[in-house]
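Asker: missing the sequence, but the structure's below:
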C-alpha cells in the first residue's frame, strides 16, 4: 500500500493527491506539519519538504518532481483503463511544455503566492500552544504590504491561466495533464483562503470549473482545517 | 543547431551546458541578462527564467526541468556511444533519487545560496550604467547579515554533499547522473565568487574534483566575467 505524507492545505501535496486519484491509486494519507520540522518527516526527506510518497517496501520518494515522474513512468503498466489521462501526454516537446508549466506553478506560483499565503495566514495560527510562552510574541495579523504584493502576483497568474486555457483548452495543450492538476492544486488552496474574486477572472474560472468537476477533486474539496472555514463557494462545483 | 539562452554565471544554465557537453551535443550559446527582464528572453520564456533551449525548428524549451528531461528522453537514439552517462540512470526508484537531488540543488540550494549570492554580489555591479542616474542609489556593498546566513547554509550543503559522496561514490548512487552536474554547476558559481574554503570540506572537495576533471567542465572553467576575476584555484583541477 502507498503512503502519502502530506499536509491537507499544502498545494504540492494536493497536486500529488490529484495525480494518484486520476490514476485510480489508493494511498494512506499521513499528515505532517512540515513548518514545525518534525523528526518523523526529516527522517524520510532531509529537506523537510512535502509531499513524500512511501512505497510498499518502505522506500521514500520525495517531492512533487520525483513523485510525479515516478507515477508517470509506471503509467503504461499501471493504467489498464483506470488512469483518466497520462500525466505527461504528447510528443517530447509537448511533454516539455507540460513540465515548463509544472515548474511555473510548483515553483514560481508557489514562491510568489502559495508559500507566502500559508506563511502569513495559516502556519502562525496552527503553531503549537507553546508559542507566546517562551518569550516570542503570539502571531499577529498578516502583513498588509505583503498581502498586497501577493494579490498583485495572483492577478497576473490568473490572467496567464485564462490566456493559456483560452488558447489551448487545457493549460499545456489540447489534452489535460499534470500541469492542470498542479495549477488547480495551488488555486484550491488560494480559494480555500478566500483570496480569489472569480467574477473578475472568467477565463480562469471556466478552466478551474472543469478541473474542479473531476472526481479526483472530490476528496480535496471535503478537507477542512478546524478554525479556518473556507468561503461558501469553495466546494460548490457551480460557483 | 541547438541554441542555449544562458548567462555565464547562472548555475541553472551551467547545469544544462554540462548535460549537453556530456551528451556530446553542440549548442550555440546566446547570453541574456535575465535580471534586467529583456524582451528577447520574455518572448521565449514568459517566466523570464534561464536557461532556454531553442530547438532546430525554433521551438523553445524553458527551464532546467523541461530541458534535462527532454535531453534524457532523446538519449537512447542520440547517444550512439557519445554520451558518457545517462542523465537519469537506474531503476525507477533510483531515477526518483536523482530527481530528488536535482530538486535539492536547483531549487533549495539555489534559493538558499546561489540566488542570494548572485543578487548580492553580481547583478548590482552588472546593472546598466543608467543605475544611479534615475534617482536610485548606486549598488552598495553586500549585506553582511545576509552573507552570514548564506555562508551558514552553504556549510550545511557542503556537509550533505560529503555525506552523500562518501556513502555512494556519486551523489545519487553508484553512477554519475544529472544530480552531480546540477550540484557541481552551483558549486562552480559559488567557487567562482570565492565563497568555498575547500580545506574545511575534504569530502565535498574529493567529489567536486572528480566532477571538475570531466571534459564537460572545461568550457565552464574558461568563462570569465570582466571585473570579477575568480580566485586562483578556480580553474585548477588539482586545487
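Answerer: Okay, I see it. Quick caveat: nothing in here was measured; it's all calculated off a predicted structure. Numbering: from 1, shown residues only, chains lettered A, B, ... in the order given.
Asker: name the next helix or strand downstream of the helix or strand of chain A with the lowest mean pLDDT, please.
Answerer: Every helix and strand of chain A was ranked by mean pLDDT, DSSP states H and E. The lowest is helix A:75-79, at a mean of 57. Next in sequence after helix A:75-79, counting helices and strands by DSSP states H and E, comes helix A:92-103.
Asker: so how far is that following helix off the chain centroid?
Answerer: Here helix A:92-103 shows a centroid-to-chain-centroid distance of 17 Å under the convention CA atoms, centre = their mean, to the nearest Å.
Asker: got the buried residues for it?
Answerer: Within helix A:92-103, the residues that count as buried by 16 or more other CB atoms under 10 Å in any protein chain shown are A:95-103. Glycine gets a C-beta too; all of them are placed from N, C-alpha and C.
Asker: so which of the residues you listed are also by chain B?
Answerer: A:95-97, A:99-100, A:102-103 (CB under 8 Å from any CB of the partner chain).
Asker: coming back round to it: tell me which of the buried residues of helix A:92-103 is nearest to residue B:190?
Answerer: The shortest approach to residue B:190 among the buried residues of helix A:92-103 belongs to residue A:103, at 22.8 Å (CB to CB).
Asker: where's that closest one relative to residue B:153, distance?
Answerer: 22 Å (CB to CB, to the nearest Å).
Asker: residue A:15 too?
Answerer: Distance from residue A:15 to residue B:153, by CB to CB: 27 Å.
Asker: just residue A:199 next, same as before
Answerer: 43 Å.
Asker: what's the answer for residue A:14, then?
Answerer: Applying CB to CB to residue A:14 and residue B:153 gives a distance of 28 Å.
Asker: looking at these two, which one has more neighbours?
Answerer: residue A:14 (30 against 16; other CB atoms under 10 Å in any protein chain shown).
Asker: host element of the residue nearest to the more buried one when sequence neighbours are not counted?
Answerer: Nearest non-adjacent residue to residue A:14, counting by CB to CB, 6 or more residues apart in numbering or on different chains: residue A:185, 3.7 Å away. For residue A:185, the host element (DSSP H and E) is helix A:178-192.
Asker: okay, the angle between the helix or strand just after that helix and helix A:178-192?
Answerer: Where DSSP H and E defines the elements, the next helix or strand beyond helix A:178-192 is helix A:202-212. If you take axes from the mean of the first three to the mean of the last three CA atoms, to 10 degrees, helix A:202-212 sits at 110 degrees to helix A:178-192.
Asker: is chain B within reach of helix A:202-212?
Answerer: No. Shown here: helix A:202-212 not in contact with chain B (CB under 8 Å from any CB), separated by at least 15.9 Å.
Asker: who touches the helix or strand following that helix?
Answerer: Toward the C-terminus, helix A:202-212 is succeeded by helix A:218-222 as the next helix or strand (DSSP H and E). Residues from elsewhere that reach helix A:218-222 (CB atoms under 8 Å, 6 or more residues apart in numbering or on different chains): A:14, A:17-18, A:21, A:185, A:188, A:212, A:234-235.
Asker: could those residues go into JSON lines alongside pLDDT and distance to residue B:175?
Answerer: Shown next, in JSON lines, are the contacts of helix A:218-222 (pLDDT from 0 to 100; distance: CB to CB, whole Å):
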{"residue": "A:14", "pLDDT": "98", "distance to residue B:175": "34"}
{"residue": "A:17", "pLDDT": "98", "distance to residue B:175": "32"}
{"residue": "A:18", "pLDDT": "97", "distance to residue B:175": "33"}
{"residue": "A:21", "pLDDT": "95", "distance to residue B:175": "34"}
{"residue": "A:185", "pLDDT": "98", "distance to residue B:175": "33"}
{"residue": "A:188", "pLDDT": "98", "distance to residue B:175": "39"}
{"residue": "A:212", "pLDDT": "96", "distance to residue B:175": "43"}
{"residue": "A:234", "pLDDT": "96", "distance to residue B:175": "47"}
{"residue": "A:235", "pLDDT": "93", "distance to residue B:175": "47"}
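Asker: export those residues to CSV and tack on distance to residue B:86?
Answerer: Shown next, in CSV, are those (distance: CB to CB, whole Å):
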residue, distance to residue B:86
A:14, 32
A:17, 31
A:18, 30
A:21, 32
A:185, 31
A:188, 36
A:212, 39
A:234, 45
A:235, 45
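Asker: ok, and the most crowded of those?
Answerer: Top of these by neighbour count (other CB under 10 Å): residue A:14, with 30 neighbours.
Asker: and the pLDDT at residue A:80?
Answerer: Residue A:80 carries a pLDDT score of 51 in this model.
Asker: ditto for the one 5 residues further on
Answerer: Note for residue A:85: predicted pLDDT of 92.
Asker: other residues contacting stretch A:39-49?
Answerer: By CB under 8 Å, 6+ apart, stretch A:39-49 touches A:5, A:12, A:32, A:34, A:37, A:50, A:52, A:54, A:60, A:62-63, B:100, B:104, B:108, B:160.
Asker: how about that stretch: buried residues?
Answerer: A:41, A:44-45, A:47-49.
Asker: who does whichever helix or strand residue A:18 is part of touch, helix- and strand-wise?
Answerer: Assigned by DSSP H and E, residue A:18 belongs to helix A:11-22. The contact analysis (3 or more CB pairs under 8 Å, 6 or more residues apart in numbering or on different chains; DSSP states H and E) places helix A:11-22 against strand A:2-6, strand A:27-31, helix A:63-73, helix A:178-192, helix A:218-222.
Asker: and the helix holding residue A:185 with helix A:11-22, angle?
Answerer: Using the same axes, to 10 degrees, helix A:178-192 lies at 120 degrees relative to helix A:11-22.
Asker: now the angle from helix A:178-192 to helix A:63-73?
Answerer: Using the same axes, to 10 degrees: helix A:178-192 against helix A:63-73 is 140 degrees.
Asker: who does helix A:178-192 touch, helix- and strand-wise?
Answerer: helix A:11-22, helix A:63-73, helix A:92-103, helix A:144-168, helix A:202-212, helix A:218-222.
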